[in-house]
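K.L.:
quick check, what structure comes out for this input:
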Amino acid sequence: MNIGVLGGTFDPIHIGHLVVAEEARIKLGFGEVLFVPVGQPWRKLDRNITPAAHRVEMVRRAIADNPHFKLCTLEVERPGPSYTVDTLTMLRKQLGSEASLFLILGRDTLAELPLWKEPKKLG
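P.N.:
Numbering: from 1, shown residues only. A predicted model of the protein is given here:
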């Protein structure tokens, strides 16, 4: 199954996140989209963000009506800064070889991709 992965601080989650996820799901044929709230965003270590438990609950409520949207709490359960490459590695192990993962990124995030931890391993 092809699975879209939409990570973010989601502080707060908003209609833009939901629209992008649904459009990507339909246009790219994803069986589901995983919403992955960041635990401790490495790019925002110096900023105050809403506690992870509250952001997880906001996401849970926002996606509840769409059966193709799933909540993934791997990053909030893991201590330390959250890195996408680590999350994708864990997801690949959990989901097995039958799942193909595709990152859903905004243009702003795509421009910063070279600054991420091990960006060449994201593909």
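K.L.:
so what pLDDT did Arg47 get?
P.N.:
Note for Arg47: predicted pLDDT of 74.
K.L.:
state the distance from Leu102 to Arg55.
P.N.:
Careful, residue 102 is Phe; it's not Leu. As for Phe102, its distance to Arg55 is 23 Å (criterion: CB to CB, to the nearest Å). Bear in mind the C-beta positions are built from the backbone N, C-alpha and C, glycine included.
K.L.:
where does the prediction get shaky in this protein?
P.N.:
Low-confidence segments of the chain (pLDDT under 70): 42-46.
K.L.:
in it, which helix is the longest?
P.N.:
If you go by DSSP state H, the chain has its longest helix at helix 15-28.
K.L.:
and that helix, what's buried?
P.N.:
Neighbour-count burial for helix 15-28 flags 17-18, 20-22, 24-25 (criterion: 16 or more other CB atoms under 10 Å).
K.L.:
and after it, which helix or strand comes next?
P.N.:
Tracing the chain C-terminally past helix 15-28 and defining elements by DSSP states H and E, one meets strand 32-37 next.
K.L.:
and the next element down the chain from that following strand?
P.N.:
Next in sequence after strand 32-37, counting helices and strands by DSSP H and E, comes helix 52-63.
K.L.:
I appreciate the help and will end here.
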